[in-house]
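Colleague: Let's see this in three dimensions:
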Amino acid sequence: MSRRQIIIAGGGAAGFFAAITCAEADPDCAVTLCEATAHPLAKVKVSGGGRCNVTHACFESRELVQRYPRGGRELLGAFHRWQPRDTVAWFESRGVPLKTEEDGRMFPVTDNSQTIVDCLQGAARQAGVRVRLQTGVRRVGRVVPNAPQAAGKINGAFSVELTTGEVVECDRLLLATGGNRSNAGLEIAARLGHAIEPPVPSLFTFHIKDPRLAGLAGVSVESAATAVRGTALKESGPLLITHWGLSGPAVLKLSAWGARTLHDGGYKFALAVNWAPRFTTETCRAELERARAANPRKQLGTWCPLGLPLRLWEALLPAAGIAPAAQWASVPGAALRALAAQVCAGEFAVDGKSLFKEEFVTCGGVRLSEIDFKTMESRLVPGLHFAGEVIDVDGVTGGYNFQNAWTTGWLAGRAMAGRAE
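Modeller: Okay, the predicted model is just below:
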């Protein structure tokens, strides 16, 4: 009997996980993974600063889906079938234990993304997956047999033209080419009749030119609150000052939830920042007055009663009209009110964005209503499957986008092997 032919377009996390899952679920499948570049698993390699944020220690599906600005509802059932606990067990069963950091992010104990790359490539080899590098998928057509299926023969469902010029047939095709607007997967899906939600960046940092931030690159605040003026968008978490503006989870999560809103506004907006979110402007003013009473002879620039990094504190003082060398006793109440406003209700003009290092994430992709999330199969084209960022799913920073890749890849792989649950 002829082997079921499976072609997977895309050598990222979702593509590799689907290929391994399919080949392990049915060793009689002939699984071929086509990666257009010479560098498979490139995003895995660079993610998490080279450590690979594999997933997040969030093991309750209803809580987990709250981390996805788009696709959470569709992923709820999917996470009941494969969730972070399963991901952890999968890697540990292959000799790659993971560790959990304070914020819930999970990394290999080696703190080296190459550990994950080696694991996936090794699992693919062991499962018999054929990996073809520098071989992309250019066009896909449906195969309509002119004659009845011969006994014991599987008629190919798709005719696939590769970038090498070859034309091959397959019974199942998975598009896992990522969310980049220029990737071939979205073009192929559109040609096969799928609607595409336009991709726009989802995780990005904010460009801000402001004297309060000048010279502070590298300064971070453990907990801050951010909001986009005129919208309901708000987030909290660590905040990092960079050479070009602001970054860190409090910004990246905000960019994910506001991806389309901020895109439509040309990435120009007013950002409100509370550098000490345990205070409001009023409670902060009261705390500053207590500090003045308790330390009248101290210079403001040498001590911050709010726990802010001293360099940041020194930059906020002039913005409130206070000289860093001034003694607390000399500062009037109006100046303390202005300082409290700088700390708890500072406003910064954002004028552009930068992608978050190499960890390019988009919102947009194949429309979710056109996909069966039990099998990741197209509702329009039988035998066509999707996984990863090629669909209109994206998560906030913290390992959630990789978890989407593992889950949808696993579901697609099982389905293509005829083992859908």
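
Colleague: CA atoms for contacts and neighbours, from now on please.
Modeller: Noted.

Colleague: quick one: contacts of stretch 327-344?
Modeller: 273-277, 279-282, 284-285, 288-289, 291-293, 295-300, 316-317, 319-322 (Cα atoms under 8 Å, 6 or more residues apart in numbering).

Colleague: from the residues you listed, which would you call buried?
Modeller: By neighbour count, with 16 or more other Cα atoms under 10 Å, these hold 273-277, 279-281, 284-285, 288-289, 291-292, 298-300, 316-317, 320, 322 as buried.

Colleague: Show me the contacts of stretch 327-344 that map onto strands.
Modeller: Of those, the ones assigned to strands by DSSP state E are 273-274.

Colleague: how about the host helix or strand of Ala123: buried residues?
Modeller: Mapping Ala123 onto the secondary structure by DSSP states H and E places it in helix 113-127. Along helix 113-127, the positions that meet the burial threshold by neighbour count (16+ other Cα under 10 Å) are 113-117, 119-121, 123-124, 127.

Colleague: before we move on, what about stretch 235-251?
Modeller: For stretch 235-251, the buried set under the neighbour-count rule, 16+ other Cα under 10 Å, comprises 235-242, 244-251.

Colleague: Then stretch 299-306?
Modeller: Buried residues in stretch 299-306 (16+ other Cα under 10 Å): 299-301, 303-304, 306.

Colleague: Would you check how far apart Leu262 and Gly230 are?
Modeller: 12 Å (Cα to Cα, to the nearest Å).

Colleague: so what's Trp82 up against?
Modeller: With contact set as Cα under 8 Å, 6+ apart, Trp82 has these partners: 407, 410-411.

Colleague: one more time with 10 Å
Modeller: Counting by Cα atoms under 10 Å, 6 or more residues apart in numbering, Trp82 touches 61, 75, 403-404, 406-411.

Colleague: measure it to Thr397 for me?
Modeller: Here the distance between Trp82 and Thr397 works out to 20 Å (Cα to Cα).

Colleague: repeat for Ile6
Modeller: Here Ile6 is placed at a distance of 32 Å from Thr397 (Cα to Cα).

Colleague: what residues go with each domain of this protein?
Modeller: 5-200+362-416, 204-355 (automatic domain parsing).

Colleague: Run through who's touching the helix or strand hosting Glu63.
Modeller: When elements are assigned from DSSP H and E, Glu63 belongs to helix 61-64. When contacts are defined by Cα under 10 Å, 6+ apart, helix 61-64 is touched by residues 56-58, 72-73, 75-84, 395, 400, 403.

Colleague: same question, stretch 221-234
Modeller: Residues from elsewhere that reach stretch 221-234 (Cα under 10 Å, 6+ apart): 235-241, 248-251, 253-255, 257-258, 261-262, 269-278, 307-309, 312, 344-348, 350.

Colleague: mind listing which of those are in strands?
Modeller: Within those, membership in strands is found for 235-241, 269-274, 346-348, 350, as judged by DSSP E.

Colleague: Going along the chain from the helix holding Ala123, find the next helix or strand for me.
Modeller: With secondary structure assigned by DSSP H and E, helix 113-127 is succeeded by strand 130-133.

Colleague: Who are the packing partners of that following strand?
Modeller: If contacts are counted by 3 or more Cα pairs under 10 Å, 6 or more residues apart in numbering; DSSP states H and E, strand 130-133 sits against helix 13-25, strand 30-35, helix 113-127.

Colleague: Following the chain onward from that strand, which element is next?
Modeller: Sequence-wise, the next helix or strand downstream of strand 130-133 (DSSP H and E) is strand 137-142.

Colleague: what comes up buried for that next one?
Modeller: Buried residues in strand 137-142, counting neighbours by 16+ other Cα under 10 Å, are found at 137-140.

Colleague: what packs against the helix or strand following it?
Modeller: Moving toward the C-terminus from strand 137-142, the first helix or strand encountered (DSSP H and E) is strand 158-162. Using 3+ Cα pairs under 10 Å, 6+ apart as the contact criterion, the secondary-structure elements in contact with strand 158-162 are strand 5-9, strand 137-142, strand 167-170, strand 172-175.

Colleague: Of all those strands, which one is nearest Arg67?
Modeller: Taking Cα to Cα as the criterion, Arg67 comes closest to strand 172-175 out of the helices and strands packed on strand 158-162, the separation being 23.9 Å.

Colleague: Buried ones in whichever strand or helix holds Ala189, by neighbour count?
Modeller: Assessed by DSSP H and E, Ala189 sits inside helix 184-191. Buried residues in helix 184-191, counting neighbours by 16+ other Cα under 10 Å, are found at 184-186, 188-189.

Colleague: Likewise for stretch 47-57?
Modeller: By neighbour count on 16+ other Cα under 10 Å, the buried set for stretch 47-57 is 47-48, 51-57.

Colleague: would you list the buried residues of strand 137-142 in JSON lines and tack on distance to Ala19 and pLDDT?
Modeller: JSON lines is the format used below for the buried residues of strand 137-142 (distance: Cα to Cα, whole Å; pLDDT from 0 to 100):
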{"residue": "Val137", "distance to Ala19": "16", "pLDDT": "97"}
{"residue": "Arg138", "distance to Ala19": "20", "pLDDT": "96"}
{"residue": "Arg139", "distance to Ala19": "20", "pLDDT": "96"}
{"residue": "Val140", "distance to Ala19": "19", "pLDDT": "97"}
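
Colleague: now, which of those residues sits nearest Ala415?
Modeller: The shortest distance between Ala415 and any of the buried residues of strand 137-142, using Cα to Cα, involves Val140 and amounts to 20.0 Å.

Colleague: And for the residue nearest to the closest one when sequence neighbours are not counted, the neighbour number?
Modeller: In space, Val140 comes closest to Val160 once its chain neighbours are excluded; the distance is 4.6 Å by Cα to Cα, 6 or more residues apart in numbering. Counted with other Cα atoms under 10 Å, the burial measure for Val160 works out to 21 neighbours.
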